[in-house]
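Asker: let me see the structure of the following:
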Amino acid sequence: MRNIMIVARKEIQEGLRNRWVLATTLLLAALALSLTFLGSAPTGTVSVRALDVVIVSLSSLTIFLLPLIALLISHDAIVGEMERGTMLLLLSYPVARWQVLLGKFVGHLSILAFATLLGYGAAAAALVATGAAIDAESWAAFAAMIGSSVLLGSVFIAVGYLVSALVRERGTAGGIAIGIWLVFVLIYDMALLGLLVVDQGQVVSGRLLDALLLLNPTDAYRLFNLTGFANIGAFSGMAGIARNAALSPAVLLAALAAWALLPLSLAALAFSRREL
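Answerer: The predicted structure is shown next:
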């Protein structure tokens, strides 16, 4: 455990030195504040609670932005250090390879969690400062959104490690990381929508659709945040899906956790077999 925390502290220090923490926090805070003040303006007219609007807006922002940030900070975690020669130096100390990988994961996830909590928390604080009425259910949905956002980030950090453990060049890892982001965030849902339009309910049953949604962590995240709470589901237009969905919030969270654990385990296996 001590070795893991030493590696994690090293990654956090490098993140501070390279301004990753500051840049990520400022970016998330700026976008969250923009969505807060622009998106909550009409809530008094349509009788929707302001924080519910913010949750829906931030959930959409998270799907596009957080996976990209996670891949950018993780895609060269292994191959980059190998190219610089620092990995050989690090492994000359009495530390196992899986400890190095897990320490990096803890460090990078801490950076992402700090930036998410502070950035999105600033939006909620600004909303409170305006005097908006916020009930306990909205606060619970907001907390769940932040927690699941960090979990989504951990998924793509783990995927970035897997890429970094398999490739031989840093540039290749960067290109693959961008391709993965495009597939999961844009291409997959477009292809799934096209399949549903063509199929017209003939082959793709409800259970098959649920399975297809679980194959994309961003879809699991979206469903969890837009159907997990009644007030959010009603506002987001997904109340009907929430009532009939076979995927409960617990199942969706378990899918996200599995999406984080599987790539991380495969990355540890690939790293353990890789020659320095």
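Asker: residue contacts, I146?
Answerer: For I146, the contact set (CB atoms under 8 Å, 6 or more residues apart in numbering) comprises 116-117, 120-121. In this view, the C-beta of every residue, glycine as well, is placed from N, C-alpha and C.
Asker: could you rerun that using 10 Å?
Answerer: With contact set as CB atoms under 10 Å, 6 or more residues apart in numbering, I146 has these partners: 55, 58, 62, 113, 116-117, 119-121, 124.
Asker: in this structure, where is pLDDT below threshold?
Answerer: Residues of the chain meeting the criterion pLDDT under 70: 38-49, 132, 201, 228-246.
Asker: longest helix of it?
Answerer: Criterion DSSP state H: the longest helix present in the chain is helix 97-129.
Asker: now do the buried residues in it.
Answerer: Buried residues in helix 97-129, defined by neighbour count with 16 or more other CB atoms under 10 Å: 97-120, 122-124, 126-127.
Asker: now do stretch 161-169
Answerer: For stretch 161-169, burial by neighbour count (16+ other CB under 10 Å) applies to 161-167.
Asker: between these, which is closest to S154?
Answerer: S154 lies nearest to Y161 out of these, by CB to CB, at 10.6 Å.
Asker: so the nearest residue to the closest one once chain neighbours are set aside versus G160, what's the distance?
Answerer: Spatial nearest neighbour of Y161, excluding adjacent residues (CB to CB, 6 or more residues apart in numbering): A267 at 4.0 Å. Remark: distance between A267 and G160 (CB to CB, to the nearest Å) = 9 Å.
Asker: settle it for me: which of these two has more neighbours?
Answerer: Neighbour count, other CB atoms under 10 Å: between A267 and G160, G160 has more, with 30 against 27.
Asker: what distance do you get for that one to L112?
Answerer: Applying CB to CB, the value for G160 to L112 is 11 Å.
Asker: circling back to that earlier point, for the longest helix of the chain, name the packing helices and strands.
Answerer: Applying 3 or more CB pairs under 10 Å, 6 or more residues apart in numbering; DSSP states H and E, one finds that helix 97-129 contacts helix 2-17, helix 20-39, helix 50-74, helix 86-91, helix 136-166, helix 249-272.
Asker: give me the angle between it and helix 249-272.
Answerer: Calculated by axes from the mean of the first three to the mean of the last three CA atoms, to 10 degrees, helix 97-129 forms an angle of 140 degrees with helix 249-272.
Asker: and helix 97-129, how far out from the chain's middle?
Answerer: What separates the centre of helix 97-129 from the centre of its chain is 10 Å, taken as CA atoms, centre = their mean, to the nearest Å.
Asker: does A254 really touch L214, like I thought?
Answerer: Yes - at 9.4 Å, A254 counts as touching L214 under the criterion of CB atoms under 10 Å.
Asker: when the two are compared, which one has more neighbours?
Answerer: Remark: of A254 and L214, L214 carries more neighbours, 19 against 13, as counted by other CB under 10 Å.
Asker: what's the distance between that one and R9?
Answerer: 35 Å.
Asker: cool, and L88?
Answerer: 20 Å.
Asker: and R2, how many neighbours?
Answerer: R2 has 8 neighbours, counted by other CB under 10 Å.
Asker: neighbour count: L88 and R9, which is higher?
Answerer: Neighbour count, other CB under 10 Å: between L88 and R9, R9 has more, with 14 against 11.
Asker: that one: what's it in contact with?
Answerer: Counting by CB under 10 Å, 6+ apart, R9 touches 103, 106-107, 110.
Asker: sorry, back to before: shared neighbours, G160 and L112?
Answerer: 70, 73-74.
Asker: which one of these is nearest Y221?
Answerer: Closest approach between the shared contacts of G160 and L112 and Y221, by CB to CB: A70, at 12.3 Å.
Asker: what sits closest to that closest one if chain neighbours are left out?
Answerer: F156 (3.7 Å).
Asker: show me what contacts that neighbour?
Answerer: 66-75, 112, 177, 180-181, 184-185, 217-218, 259-260, 263.
Asker: possible to save the contacts of I146 as a markdown table with distance to Y93?
Answerer: Formatted as a markdown table, these follow (distance: CB to CB, whole Å):
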| residue | distance to Y93 |
| --- | --- |
| I55 | 44 |
| L58 | 41 |
| T62 | 37 |
| A113 | 27 |
| T116 | 31 |
| L117 | 32 |
| G119 | 35 |
| Y120 | 37 |
| G121 | 37 |
| A124 | 42 |
